[in-house]
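Peer 1: Model the following, please.
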Amino acid sequence: MNWLYLTIIRTILVVILIILVKEDKSKRLLFPLISAILVGIYSLIYLLLFENIGKKDINIKNIIIHSLIVFIVLNISYLAIKKCPNPAFFRAFVGLEIVLLILFGIIYDKYYINNINIIGSFLIIIGLILISCF
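Peer 2: Model (predicted):
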């Protein structure tokens with residue numbers, strides 16, 4: 001399937017997820033922690049049913065770092081969405097991710113970047129300032 005279709009599907013699912021989080025009434029971090037446990041169960045089932053892995057396919061160090069970052073991002077996202085006056089403001093900061101990835105691409109010469117990408121990054125920064133400060 002084309003990456004664009006997958007990204008549109010992901011976007012719709014993320015919007016549903018954000019609405020569920022914003023409307024959640026549970027105390028503390030129960031919602032994201034229980035969700036993470038269920039995601040782990042779904043992932044284990046998928047791994048056992050559909051993936052054929054060998055020891056060479058597993059990089060334990062990267063898996064541990066990835067899982068720790070996902071755990072932190074999950075909890076921070078939950079708290080940010082709950083405290084944010086409008087969940088759209090929370091998602092606006094995906095623009096900052098774009099800017100950081102473009103900077104990474106420029107510094108390490110990893111991805112194709114043109115002048116339009118750089119101009120777009122400046123516009124993202126202006127938009128983030130307008131959303132977060134006014």
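Peer 1: average model confidence for the helix or strand harbouring Leu13?
Peer 2: Per DSSP states H and E: Leu13 is located in helix 3-23. Averaged over helix 3-23, pLDDT sits at 93.
Peer 1: next one: stretch 64-76
Peer 2: Rounded mean pLDDT across stretch 64-76 is 95.
Peer 1: got the CA positions of it in CSV?
Peer 2: Extracted C-alpha coordinates of stretch 64-76, given in CSV (Å, rounded to 0.1, in the frame of the first residue of the first chain):
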residue,chain,number,x,y,z
ILE,A,64,15.1,-1.3,24.8
ILE,A,65,15.8,2.3,23.8
HIS,A,66,12.8,2.3,21.5
SER,A,67,10.4,0.9,24.1
LEU,A,68,11.6,3.3,26.8
ILE,A,69,11.1,6.3,24.5
VAL,A,70,7.6,5.0,23.5
PHE,A,71,6.7,4.6,27.2
ILE,A,72,7.8,8.1,28.0
VAL,A,73,6.1,9.6,24.9
LEU,A,74,2.9,7.8,25.7
ASN,A,75,2.7,9.1,29.2
ILE,A,76,3.8,12.7,28.3
